[in-house]
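Asks: fold the stuff below for me.
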Amino acid sequence: MSKNIFGLKEKIANAINEQEIVSLLKIGQTYKFASPRTQKSWKNAGYRSLERHKNVVEVEVESEVKSDNTKETKFKNKKVKK
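Replies: Take a look at the predicted model:
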């Protein structure tokens with residue numbers, strides 16, 4: 001059972017990439033009767049969606065790097081007795 005997305009803000013929040021977010025924001029600019037508050041909420045949803053996608057990409061890159069390194073080394077600071 002899939003959830004239907006009705007509003008522009010939900011579409012922006014669920015956008016897959018930056019180009020889709022920009023195109024949805026351009027569509028929002030054509031709405032004549034949208035209040036400034038509503039338009040600002042669309043922009044904020046776009047910023048949050050972009051940040052979420054950037055974080056997901058960074059995590060995927062880090063996991064790929066960790067999978068390439070077969071051996072992890074950890075260094076501890078040891079005090080030497082004199």
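
Asks: assign a three-state SS to residue 34, would you?
Replies: coil (DSSP: H, G, I helix; E, B strand; the rest coil).

Asks: surely residue 28 touches residue 42?
Replies: Yes: look at residue 28 against residue 42 with C-beta atoms under 8 Å: they come within range, at 4.9 Å. To be clear about C-beta, it is placed using only N, CA and C from the backbone, and glycine gets the same treatment.

Asks: so what sits against both of those two?
Replies: residue 8 (C-beta atoms under 8 Å, 6 or more residues apart in numbering).

Asks: those two: which has the busier surroundings?
Replies: residue 42 (23 against 19; other C-beta atoms under 10 Å).

Asks: for that one, pull up the helix or strand it's in.
Replies: In this structure, residue 42 sits in helix 36-68 according to DSSP states H and E.

Asks: same check on residue 20?
Replies: Under the assignment here (DSSP H and E), residue 20 is part of helix 18-29.

Asks: cool, and residue 9?
Replies: With DSSP H and E as criterion, residue 9 is part of helix 8-13.

Asks: which residues of the chain score low on pLDDT?
Replies: In the predicted model of the chain, residues 1-2, 57-82 satisfy pLDDT under 70.

Asks: do that again at 90, thanks
Replies: Residues of the chain that meet the criterion pLDDT under 90 lie in 1-6, 14-18, 49-82.

Asks: before we move on, the earlier item: packing partners for the helix holding residue 9?
Replies: On a contact count with 3 or more C-beta pairs under 8 Å, 6 or more residues apart in numbering; DSSP states H and E, helix 8-13 meets helix 18-29, helix 36-68.
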